[in-house]
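Sequence and predicted structure are below.
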Amino acid sequence: METFQDRMEKTIQNLEEEFNTIRVGRANPHILDKITVDYYGTPTPLQQVGNISVPEARMLLIQPWDSSLIKEIEKAIQASDVGINPSNDGKVIRLVFPELTEEKRKEESKEVKKKGEQAKVAIRNIRRDAMDFFKKERKENAITEDDQKDLEEKLQKMTDEYIKKVDKRIDAKIKEVMSV
């Protein structure tokens, strides 16, 4: 049971990471988490080539440790799906987040729901794997029929619990996206 619970917990953690990349009204450095920069021929995460700070509510400041990387960082940001044009002054790169329109907020909410549904599907797949495992154990007489029923009931309760956790996170993220 612990193995399956760990897998469900990892699904929740993954969902949180996915939610961090969704744009809300204010600047969030995690939106750059999936961006990699070509650092001397090696794709390197943006966080490892410079300092990222939030000087204002709707601005990110990227200060590369090697100023020759400014063009590469700009290219990587433009190639990503962040949707913000970077500007630089030769030393730092600024990302100014425009105010989200109502339409963009609704789009982001749909993205939140989509990612939430994917997490629920992953949790249900884990439940299916666990059920198959319990049936296999029963066939091999490793557990009794009563044990199998007990395990399946516990698994269903655990699954329901994790689905509720996903729903709560979806609701919280949508509220965050829709707040002005």
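Yes, it's here.

Any regions of this protein where pLDDT drops low?
For the chain, the stretches with pLDDT under 70 are 25, 180.

need the strands for it, in chain order.
Secondary structure of the chain, counting by DSSP state E: strands at 36-39, 42-45, 50-56, 59-64, 87-88, 93-96.

Of all those strands, which one is nearest Ala79?
Ala79 lies closest, by C-beta to C-beta, to one member of the strands of the chain: strand 36-39, at 9.8 Å. All C-beta atoms are positioned from the backbone trio N, CA, C, and that covers glycine.

Buried residues in the closest one, which are they?
Residues of strand 36-39 classed as buried: 37, 39 (neighbour count, 16 or more other C-beta atoms under 10 Å).

same check, this time on stretch 21-40
Across stretch 21-40, burial judged by 16+ other C-beta under 10 Å covers 21-25, 27-29, 31-32, 35, 37, 39.

again with stretch 145-163
Buried residues in stretch 145-163, counted by 16+ other C-beta under 10 Å: 148, 151, 155, 158-159, 162-163.

residues contacting Arg23?
31, 82-83, 97, 100, 104, 108 (C-beta atoms under 8 Å, 6 or more residues apart in numbering).

Ok, Asp171 next?
Applying C-beta under 8 Å, 6+ apart, we find Asp171 in contact with no residue.

From Arg138, how far off is it?
38 Å (C-beta to C-beta, to the nearest Å).

Reformat the strands of the chain as TSV; add distance to Phe134.
Listed next are the strands of the chain as TSV, based on distance: least, C-beta to C-beta, whole Å:
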stretch	distance to Phe134
strand 36-39	41
strand 42-45	40
strand 50-56	46
strand 59-64	48
strand 87-88	57
strand 93-96	50
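
And these: which comes nearest Arg127?
strand 42-45 (33.2 Å).

picking that back up, can you flag the buried ones in the contacts of Arg23?
Buried among those (16+ other C-beta under 10 Å): 31, 82, 97, 100, 108.

excluding its backbone neighbours, what's nearest the third one?
The shortest distance from Phe97 to any non-neighbouring residue, by C-beta to C-beta, 6 or more residues apart in numbering, is to Arg58 (4.3 Å).

Tally up the residues packed near the one you found, please.
Neighbour count for Arg58, taken as other C-beta atoms under 10 Å: 14.

Same check on Ala119?
Look at Ala119: counted by other C-beta under 10 Å, it has 25 neighbours.

ok now do it, which residues does it touch?
Per C-beta under 8 Å, 6+ apart, neighbours of Ala119: 11-12, 14-15, 18, 166.

how is this protein carved up into domains?
Using automatic domain parsing, the domain parsing of the chain gives 2-20+101-178, 29-96.
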